[in-house]
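1. this one's sequence-less:
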Ligand SMILES: Nc1ncnc2c1ncn2[C@@H]1O[C@H](COP(=O)(O)OP(=O)(O)OP(=O)(O)O)[C@@H](O)[C@H]1O
Ligand SMILES: Cc1ncsc1CCO
Ligand SMILES: [Mg+2]
């Protein structure tokens, strides 16, 4: 795994333009900042082209998408194509409503998305694999998450990072797994949103989106494990703060030592 990307990120401080949801933008911005990237959230279509022109990367999070803001999302992606900037898509809860699934599928049809990052319920919905979900959670199903991730990557010709107790990263052919985990990560609403934006930061500094997604997943899962070490499983509030602390100082060696 290209963990040198972590040092490169801190040297380059990539700008990450986020179309964020309104639930977790503060956590995502703090997480990106702690890691060493430069976050900016936007909700104004008239500045979209200027922002994308100067950014390294664009992250589209569909968590609270609405019809007032679809023009903004399309403008961000149109400008990303114009200026050759990579796009990461977080298809929040696309398994829950037809509205969300339709928007995600239209985006995937209209734009080259570098990486899709979602939980198994979201990736299954995009891959049209049978899976039961009712909200932002992963839900339940029988299918193999690795096969679901591969089916999604093959269908949309991109890299997929399917997060869960194990993270599966695939370009449709190759498969990489990150087995580090703590139950405090899924207890933290927005840890998935942060993961998508961290992957966004890494795709902004390399053309190898497959490696960028691997490193993004490893950095969050391993830093989560480190942050959780002294905590009990109910200490989610403390964990969120400790996660930000540890993101600031985690380095390549810390990750290599515990990577599974
Ligand atoms: N059951 C689990 N046990 C341990 N770690 C998990 C589990 N599920 C997810 N994770 C970790 O949590 C982080 C966020 O992934 P998750 O799949 O929860 O995203 P998400 O469902 O989109 O979350 P959110 O919508 O709250 O932002 C990842 O680092 C992932 O490895
Ligand atoms: C709870 C919630 N609802 C829409 S987005 C979001 C945050 C997790 O993505
Ligand atoms: Mg999510």
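-> Thanks, I have the structure now. Remember, it's a predicted structure, so these values are computed and weren't measured experimentally. Ligands and ions are numbered 1, 2, ... in the order given.
2. could you pull out the helices for the protein?
-> With DSSP state H as the criterion, the chain has helices at 4-12, 25-35, 45-54, 70-82, 98-110, 120-127, 145-156, 184-187, 191-203, 209-228, 236-249, 252-258.
3. Format these as a markdown table; extra columns: mean neighbour count, distance to ligand 1 and mean pLDDT.
-> C-betas here are computed from N, CA, C, even on glycine. Rendered in a markdown table, the data for the helices of the chain read as follows (neighbours: other CB atoms under 10 Å; distance: least, CB to the nearest ligand atom, whole Å; pLDDT from 0 to 100):
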| stretch | mean neighbour count | distance to ligand 1 | mean pLDDT |
| --- | --- | --- | --- |
| helix 4-12 | 16 | 16 | 98 |
| helix 25-35 | 21 | 9 | 98 |
| helix 45-54 | 15 | 23 | 98 |
| helix 70-82 | 18 | 18 | 98 |
| helix 98-110 | 16 | 13 | 98 |
| helix 120-127 | 27 | 7 | 97 |
| helix 145-156 | 21 | 10 | 98 |
| helix 184-187 | 21 | 3 | 98 |
| helix 191-203 | 29 | 2 | 98 |
| helix 209-228 | 26 | 4 | 98 |
| helix 236-249 | 17 | 10 | 98 |
| helix 252-258 | 14 | 13 | 98 |
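4. Would you reformat those as JSON lines and include distance to residue 89?
-> Below are those laid out as JSON lines (distance: least, CB to CB, whole Å):
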{"stretch": "helix 4-12", "distance to residue 89": "20"}
{"stretch": "helix 25-35", "distance to residue 89": "15"}
{"stretch": "helix 45-54", "distance to residue 89": "15"}
{"stretch": "helix 70-82", "distance to residue 89": "9"}
{"stretch": "helix 98-110", "distance to residue 89": "6"}
{"stretch": "helix 120-127", "distance to residue 89": "9"}
{"stretch": "helix 145-156", "distance to residue 89": "9"}
{"stretch": "helix 184-187", "distance to residue 89": "20"}
{"stretch": "helix 191-203", "distance to residue 89": "8"}
{"stretch": "helix 209-228", "distance to residue 89": "12"}
{"stretch": "helix 236-249", "distance to residue 89": "22"}
{"stretch": "helix 252-258", "distance to residue 89": "25"}
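5. Those: which one's closest to ligand 3?
-> helix 191-203 (3.3 Å; CB to the ion).
6. That closest one near ligand 2 at all?
-> Yes. For helix 191-203, a contact with ligand 2 is found by CB under 6 Å from any ligand atom, at 192-193.
7. what about that helix and ligand 3, touching?
-> Yes. Helix 191-203 comes into contact with ligand 3 (CB under 5 Å from the ion), by way of residue 192.
8. and the angle from that helix to helix 236-249?
-> Counting by axes from the mean of the first three to the mean of the last three CA atoms, to 10 degrees, helix 191-203 lies at 10 degrees to helix 236-249.
9. For helix 191-203, name the packing helices and strands.
-> helix 4-12, strand 15-19, helix 25-35, strand 57-61, strand 87-90, strand 115-119, strand 159-163, helix 209-228 (3 or more CB pairs under 8 Å, 6 or more residues apart in numbering; DSSP states H and E).
10. ok and that helix relative to helix 4-12, angle-wise?
-> Using the same axes, to 10 degrees: helix 191-203 against helix 4-12 is 80 degrees.
11. Run the chain-centre distance for helix 191-203.
-> Distance of helix 191-203 from its chain centroid, counting by CA atoms, centre = their mean, to the nearest Å, is 4 Å.
12. and the direction of that helix versus that of helix 25-35, what angle?
-> Interaxial angle of helix 191-203 relative to helix 25-35 (the same axes, to 10 degrees): 40 degrees.
13. shouldn't residue 105 be in contact with residue 125?
-> No. With contact defined as CB atoms under 8 Å, residue 105 does not reach residue 125; the gap is 9.5 Å.
14. quick one: common contacting residues for these two?
-> The contact sets of residue 105 and residue 125 do not overlap (CB atoms under 8 Å, 6 or more residues apart in numbering).
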